[in-house]
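Undergrad: Sequence plus predicted model, see below.
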Amino acid sequence: MSENLQEPAIEVRGLVKVFRDFWRRPRVRAVDGLDLQIGRGEVFGLLGPNGSGKSTTIKILLGLLFPTKGIVRVLGQKPGDLQTRKKIGFLPEESPLYPYLNASETLNYYGRLFGYDRSSRRKRTELLLELVGLDAVKERAVGEFSKGMRRRLGLAQALINDPELLILDEPTSGLDPIGTRQVKDLIFELKQRGKTVLLSSHLLADVEDVCDRIAILYGGKKQIEGSCRELLTEGNSTQIELSTSDPATVDSLVTLLKEHGGDSTNISLKKPRRKLESLFIDIVRDARRHEQGDKNLETTSTSEAKTTIVSESTENQLEEIQSERVDTQSQKEESVELKPLNDLEPENQRKAKSEPPPSLKEKPEPKNLVKDEPDPQKSKLKEPKAKETLSKESDIDHALIDSLLSNDEKEGKN
């Protein structure tokens with residue numbers, strides 16, 4: 001275990017990478033004899049202009065490219081070792097995230113690739129989203145994220161496996177000053193936890209703030225390497241800072257320097273300046289506090305107004321209920337009381353007892369208001385009966401007439 005702590009996190013010796021064309025002819029010498037050694041728990045900055053070999057070196061360390069010559073060791077193993085890759089976190093310059101997944105689903109997906117169980121993935125996802133400031137938009141689709149939000153999510157993805165070595169390529173690209181400060185604070189925290197960070201960026205001020213050592217590449221070769229303090233300190237001048245602004249004290253100090261051989265032309269007096277980044281962060285922070293305070297006041301006033309409205313409406317409802325109760329009671333008093341069944345006369349009582357309930361009474365058939373039209377078939381059936389009655393009546397008449405005539409003839413003869 002002690003040997004692992006003593007050996008460097010990254011060791012590169014005599015690294016050469018030559019890109020060839022289709023006919024295997026050398027076209028570009030991207031890295032030329034690079035030597036690097038990065039200790040464990042160190043924040044190292046890899047700097048250089050475009051085409052200096054930074055991205056090629058990073059891809060070789062990740063095992064995405066094979067070196068032409070040289071020795072490369074990452075966490076004591078070759079870059080292509082599977083167990084070594086599980087201990088590395090990588091944030092590329094462009095984060096290739098799935099646009100149809102939300103932030104929580106994205107981190108859950110990468111957690112499954114590393115073999116974490118469900119509870120570990122959920123805890124790790126919530127922790128990282130809060131760490132990068134995306135816990136409020138964790139259910140939003142990644143395709144709706146801005147560039148800065150995508151960089152934050154990419155940084156959380158690089159930390160999902162709690163890596164020992166974190167390689168960041170332009171981590172603050174597209175971030176606002178507040179997001180940049182959060183990334184810097186995160187790098188400091190990782191350093192305190194013993195993590196190794198390799199940082200590649202064109203923003204030199206960010207590198208100066210967080211890196212312990214830096215190396216500047218040009219043309220695939222290392223031009224200079226060292227700590228920021230060593231490389232940035234100017235040995236020919238001295239800066240004096242005073243916590244007082246008293247002009248008399250400053251004048252006496254200048255006089256003292258001149259008396260001891262100081263050249264007045266080389267003595268410069270100027271007020272100290274703060275960084276623009278710190279000024280921006282302070283202004284935004286104060287504005288957020290005022291805005292939050294105004295929102296709290298609005299919420300309080302709104303809740304008080306709602307309480308007043310609710311109380312007034314409740315009083316009105318109580319008054320209406322009381323008035324309705326009074327009206328109902330008065331109507332009951334004015335209504336005629338029905339006599340009970342025992343107070344009725346005996347006949348009425350017997351009728352009331354003998355009368356069936358309304359539900360058992362026979363309902364009268366509804367009268368047909370539309371007159372029935374005569375049925376032609378029924379009329380046809382009735383016609384023969386009428387003819388028979390007429391024939392019988394006519395036969396009776398003829399018999400009477402014949403009897404009368406016969407009686408007259410008899411009378412005449414006599």
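TA: Thanks, I have it. Since this is a predicted model, take the numbers as computed values, not measurements. Numbering: from 1, shown residues only.

Undergrad: Confidence-wise, which helix or strand of this protein is lowest on average?
TA: helix 346-354 (a mean of 50; mean pLDDT, DSSP states H and E).

Undergrad: Strand partners (parallel or antiparallel) of the strand with the most length in the chain?
TA: Looking across the chain with DSSP state E, the single longest strand is strand 26-38. Strand 26-38 sits in its sheet next to strand 10-20 (antiparallel), going by DSSP bridges.

Undergrad: buried residues in the strand it pairs with?
TA: 10, 11, 12, 15, 17 (16 or more other C-beta atoms under 10 Å). The C-beta positions use only the backbone N, C-alpha and C, and glycine is treated the same way.

Undergrad: Now the residues you listed in JSON lines, please, with extra columns for distance to residue 198 and pLDDT.
TA: Listed next are these as JSON lines, based on distance: C-beta to C-beta, whole Å; pLDDT from 0 to 100:
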{"residue": "10", "distance to residue 198": "7", "pLDDT": "95"}
{"residue": "11", "distance to residue 198": "13", "pLDDT": "95"}
{"residue": "12", "distance to residue 198": "11", "pLDDT": "95"}
{"residue": "15", "distance to residue 198": "14", "pLDDT": "95"}
{"residue": "17", "distance to residue 198": "17", "pLDDT": "94"}
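
Undergrad: With distance to residue 36 added, can I get these in JSON lines?
TA: Formatted as JSON lines, those follow (distance: C-beta to C-beta, whole Å):
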{"residue": "10", "distance to residue 36": "6"}
{"residue": "11", "distance to residue 36": "7"}
{"residue": "12", "distance to residue 36": "4"}
{"residue": "15", "distance to residue 36": "8"}
{"residue": "17", "distance to residue 36": "14"}
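
Undergrad: Provide a list of residues in contact with the residue nearest to residue 209 when sequence neighbours are not counted.
TA: In this structure, residue 209 finds its nearest non-sequential neighbour in residue 184, 5.8 Å apart by C-beta to C-beta, 6 or more residues apart in numbering. Listed by C-beta atoms under 8 Å, 6 or more residues apart in numbering, the contact set of residue 184 reads 206, 209, 210.

Undergrad: any idea how far residue 184 lies from residue 111?
TA: 26 Å (C-beta to C-beta, to the nearest Å).

Undergrad: Can I get stretch 92-105 in CSV, CA atoms only?
TA: The C-alpha coordinates for stretch 92-105 follow below in CSV (Å, rounded to 0.1, in the frame of the first residue of the first chain):
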residue,chain,number,x,y,z
PRO,A,92,-14.1,15.6,-22.5
GLU,A,93,-14.2,19.0,-24.2
GLU,A,94,-17.7,18.3,-25.6
SER,A,95,-20.0,16.2,-23.3
PRO,A,96,-21.7,13.5,-25.4
LEU,A,97,-24.9,13.2,-23.4
TYR,A,98,-28.2,11.7,-24.4
PRO,A,99,-30.7,14.5,-25.0
TYR,A,100,-33.9,12.5,-24.3
LEU,A,101,-32.7,11.5,-20.8
ASN,A,102,-33.0,13.9,-17.8
ALA,A,103,-30.2,14.6,-15.4
SER,A,104,-31.1,11.9,-12.9
GLU,A,105,-31.6,9.2,-15.6
